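Novice: Prediction below, plus the sequence it came from.
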Amino acid sequence: MKLARVAGTVVSTISHPFFDGRRLLVCDLESGSGYLIAVDTVDAGMGERVLVLDEGNGARQIFDIETGPIRSVVVGIVDSVTGVDEG
Amino acid sequence: MKLARVAGTVVSTISHPFFDGRRLLVCDLESGSGYLIAVDTVDAGMGERVLVLDEGNGARQIFDIETGPIRSVVVGIVDSVTGVDEG
Amino acid sequence: MKLARVAGTVVSTISHPFFDGRRLLVCDLESGSGYLIAVDTVDAGMGERVLVLDEGNGARQIFDIETGPIRSVVVGIVDSVTGVDEG
Amino acid sequence: MKLARVAGTVVSTISHPFFDGRRLLVCDLESGSGYLIAVDTVDAGMGERVLVLDEGNGARQIFDIETGPIRSVVVGIVDSVTGVDEG
Amino acid sequence: MKLARVAGTVVSTISHPFFDGRRLLVCDLESGSGYLIAVDTVDAGMGERVLVLDEGNGARQIFDIETGPIRSVVVGIVDSVTGVDEG
């Protein structure tokens, strides 16, 4: 998993029903560079530090589904971290 | 998922029947560098900003197939984004 | 697999029951740069050199589960290494 | 998928029967850097521009097999591309 | 797959029975940078040029197992290569 900070949201018309009512978050990665677009599951707010799971089969387990067009999911809000500088 | 901009198309003879009639798009990635070749599903136009799903098992769900030689799919046209500069 | 050194821990509220009672470790990668957040399975201490498996299906085997929202696992404490500088 | 140019071949003794009679190609990637070693399926010649699928489950579909120790496959010879400079 | 050169070995206590009696090799990647820790299957010697398969499902096929906590495997010793400089 990766640490990230929520930077924004994406609004996009995706026809697959999995995405109906889902929030897509822009997640700035703290390690490495760049950002991912991840599906929210924890009602994360702007600027919050979160954990992102970036693996399709595991991501589908979060939603308890066997199939689904998904790879990246925000799985938790970070309460505290030691060993890395604040992102 | 990743944000990208449609930069072009690829014409290639691929013998596997999955690709019959599919459009292959050159998608310039906004985060990181470089581009991916992704299968179109939303009739994206040149220069449009899109969401790309880059994971094989999830990509196959978009087409509602269990098998298929595919990894990257354009799943949506982006209406608006906050938190990142325009690509 | 990758060599890493345990740099810290992450405390996060994750609703999925898989994570109940699991320790999340900040693992500084020795090859490449950056760090991963991995689930501990060997009771690794701060500063210890470890092996990290970073693949979802294999990671689930470590826990002997077929499903689970997981990708990265600390699978072993390193006793000795030849051929690379000490991380 | 990725655009690449065939730069050479690899001769290696691999005991797994999947590789019996397969050609392994050195494929210089056009986006990013470096090269992959991919299994040929289109009888690609040296210097030809090709499409490489770099995902194991999808790669196995090209050969219509459920299992097989494979990740990267040359799936097509490129006829034309717009939107990127010639590699 | 990737070309690599065997640079060393890793000794680590891993509790999962898959690793009993397996040799773990430090494999310096020729394309890109860094190294992987891969399971040996060809009795590769120090300094030998090898092919590494870096995909979990495919790696498990090499061992003819459906499950196993593994991602990277040394699948062949390289006899000759054209199109790339010697690593």
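Specialist: Perfect, thanks for sending it.

Novice: where exactly do the helices run in chain A?
Specialist: A:56-62 (DSSP state H).

Novice: Show the secondary-structure elements that the worst-scoring helix or strand of it on mean pLDDT is packed against.
Specialist: Across the helices and strands of chain A, mean pLDDT, DSSP states H and E gives its lowest value to helix A:56-62, namely a mean of 77. Under the contact definition 3 or more Cβ pairs under 8 Å, 6 or more residues apart in numbering or on different chains; DSSP states H and E, helix A:56-62 sits against strand A:72-81, helix B:56-62, helix C:56-62. Where C-beta positions appear, they are placed from N, C-alpha and C, glycine not excepted.

Novice: starting at the chain centroid, how far to it?
Specialist: 12 Å (Cα atoms, centre = their mean, to the nearest Å).

Novice: now swap in stretch A:71-87 and tell me
Specialist: Per Cα atoms, centre = their mean, the centroid offset for stretch A:71-87 relative to its chain is 11 Å.

Novice: List the buried residues for that stretch?
Specialist: A:71-78, A:81, A:83-84 (16 or more other Cβ atoms under 10 Å in any protein chain shown).

Novice: on that earlier part again, residues in contact with the least confident helix or strand of chain A?
Specialist: A:39, A:41, A:53, A:66-68, A:70-73, A:75, B:55-58, C:16, C:18, C:56-57, C:60, C:67-71 (Cβ atoms under 8 Å, 6 or more residues apart in numbering or on different chains).

Novice: For residue A:64, the count of nearby residues, please.
Specialist: For residue A:64, the neighbour count with other Cβ atoms under 10 Å in any protein chain shown is 9.

Novice: what's the spacing between it and chain E?
Specialist: Separation of residue A:64 from chain E (Cβ to the nearest Cβ, to the nearest Å): 21 Å.

Novice: What pLDDT does the model give that residue?
Specialist: The predicted local confidence for residue A:64 comes out at a pLDDT of 75.

Novice: Also the one 4 residues further on?
Specialist: Per-residue confidence (pLDDT) for residue A:68: 76.

Novice: Show the contacting residues for the residue nearest the centre of chain A.
Specialist: The residue lying closest to the centre of chain A (Cα atoms, centre = their mean) is residue A:74, at 2.9 Å. Taking Cβ under 8 Å, 6+ apart, we find residue A:74 in contact with A:4, A:6, A:25, A:27, A:38-42, A:44, A:50-52.

Novice: What distance do you get for it to residue B:20?
Specialist: For residue A:74, the distance to residue B:20 (Cβ to Cβ, to the nearest Å) stands at 37 Å.

Novice: same thing with residue A:85?
Specialist: 51 Å.

Novice: How about residue A:83?
Specialist: For residue A:83 relative to residue B:20 (Cβ to Cβ), the value is 51 Å.

Novice: again, but for residue A:61
Specialist: Distance from residue A:61 to residue B:20, by Cβ to Cβ: 33 Å.

Novice: How about residue A:21?
Specialist: 34 Å.

Novice: Looking at chain A, which residue is nearest chain B?
Specialist: residue A:8 (1.8 Å; Cβ to the nearest Cβ).

Novice: how near is that residue to residue A:38?
Specialist: On the measure of Cβ to Cβ, residue A:8 and residue A:38 end up 12 Å apart.

Novice: Just want to know which of those two has more residues nearby.
Specialist: A direct count of neighbours by other Cβ under 10 Å for residue A:8 and residue A:38 places residue A:38 higher, at 28 against 17.

Novice: is the residue lying closest to the more buried one once chain neighbours are set aside in a bridge, and if so with what?
Specialist: Closest residue to residue A:38 apart from its sequence neighbours, by Cβ to Cβ, 6 or more residues apart in numbering or on different chains: residue A:72 at 3.9 Å. Following DSSP bridges, residue A:72 is listed with bridge partners residue A:54.

Novice: I'd say residue A:72 and residue A:37 touch.
Specialist: Yes: contact between residue A:72 and residue A:37 holds when scored by Cβ atoms under 8 Å: they sit 6.8 Å apart.

Novice: Overlap in contacts, these two.
Specialist: A:27, B:1.

Novice: so how far is residue E:75 from the residue in chain A that chain C sits nearest to?
Specialist: Closest residue of chain A to chain C, Cβ to the nearest Cβ: residue A:83 (1.8 Å). Counting by Cβ to Cβ, the gap from residue A:83 to residue E:75 is 36 Å.

Novice: One more: residue A:14?
Specialist: Applying Cβ to Cβ to residue A:14 and residue E:75 gives a distance of 38 Å.

Novice: what does residue A:54 give?
Specialist: Residue A:54 is 26 Å from residue E:75, by Cβ to Cβ.

Novice: wait, residue A:9 sits on residue A:24?
Specialist: Yes: applying Cβ under 8 Å as the test, residue A:9 and residue A:24 come out as touching, 6.3 Å apart.

Novice: you'd agree residue A:11 is up against residue B:79?
Specialist: Yes: counting by Cβ under 8 Å, residue B:79 is a contact partner of residue A:11 at 4.5 Å.

Novice: In the beta-sheet assignment, what are the partners of the closest residue in space to residue A:24 that isn't next to it in sequence?
Specialist: Nearest residue to residue A:24, sequence neighbours excluded (Cβ to Cβ, 6+ apart): residue A:10, at 4.2 Å. Going by DSSP bridges, residue A:10 is paired in beta bridges with residue A:24, residue B:81.

Novice: What is the neighbour count of residue A:10?
Specialist: When neighbours are counted by other Cβ under 10 Å, residue A:10 comes out with 23.
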